[in-house]
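>>> Sharing a sequence plus its predicted fold:
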Amino acid sequence: MNRKDIISCPYCGAEYIAGEIFIPDFFLGKPQNIERDSNHKIIEDYGKQMDSKETFTCEFCSTPFDVVAEITFNVIEKPDYNFKSAYSTPLERTKLFLDEE
């Protein structure tokens, strides 16, 4: 299995999937009442911030351990789907030919 979200117990090596250890609402945070300035930059977020650290106790050997997720966000522009600039699609008429016998 080639998954990147597998976490191993440091003592016995038991494997867990990140979703078994991290609680989604806490892991990703919960944005609420986001305030932005005139340049659309975030000034304040009154919700819960992202929590990438969790303490867990292995279910097989009872060893407690901390898991810290290192998260990066890669942003890639999709120019083919950006309709801010003028765009036209050439239309061709469908030509229908009927053979007469």
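Great, that's in hand. Numbers count the residues shown, from 1 in each chain.
>>> And for P31, nearest residue in space, chain neighbours not counted?
Using C-beta to C-beta, 6 or more residues apart in numbering and skipping the chain neighbours, the partner closest in space to P31 is G47 (4.5 Å). For every residue, glycine as well, the C-beta is placed using N, CA and C.
>>> which residues sit in contact with that neighbour?
Neighbour list for G47: 29-34 [criterion: C-beta atoms under 8 Å, 6 or more residues apart in numbering].
>>> how about those, which pair is most distant?
Using C-beta to C-beta, the contacts of G47 reach their maximum pairwise distance at G29 and N33, which is 13.2 Å.
>>> if we take the contacts of G47, which one ends up nearest to S85?
I34 (28.2 Å).
>>> And for D51, the neighbour number?
Neighbourhood size, D51 [other C-beta atoms under 10 Å]: 14.
>>> Before we move on, what's the pLDDT of the closest residue to E44 other than its chain neighbours?
Distances taken as C-beta to C-beta, 6+ apart put E35 closest to E44, at 4.5 Å, once the chain neighbours are dropped. Per-residue confidence (pLDDT) for E35: 95.
>>> Just want the phi and psi numbers for the nearest residue to S8 once chain neighbours are set aside.
Nearest residue to S8, sequence neighbours excluded (C-beta to C-beta, 6+ apart): E15, at 5.3 Å. Per-residue torsions, E15: phi -100, psi 140 (degrees, to the nearest 10).
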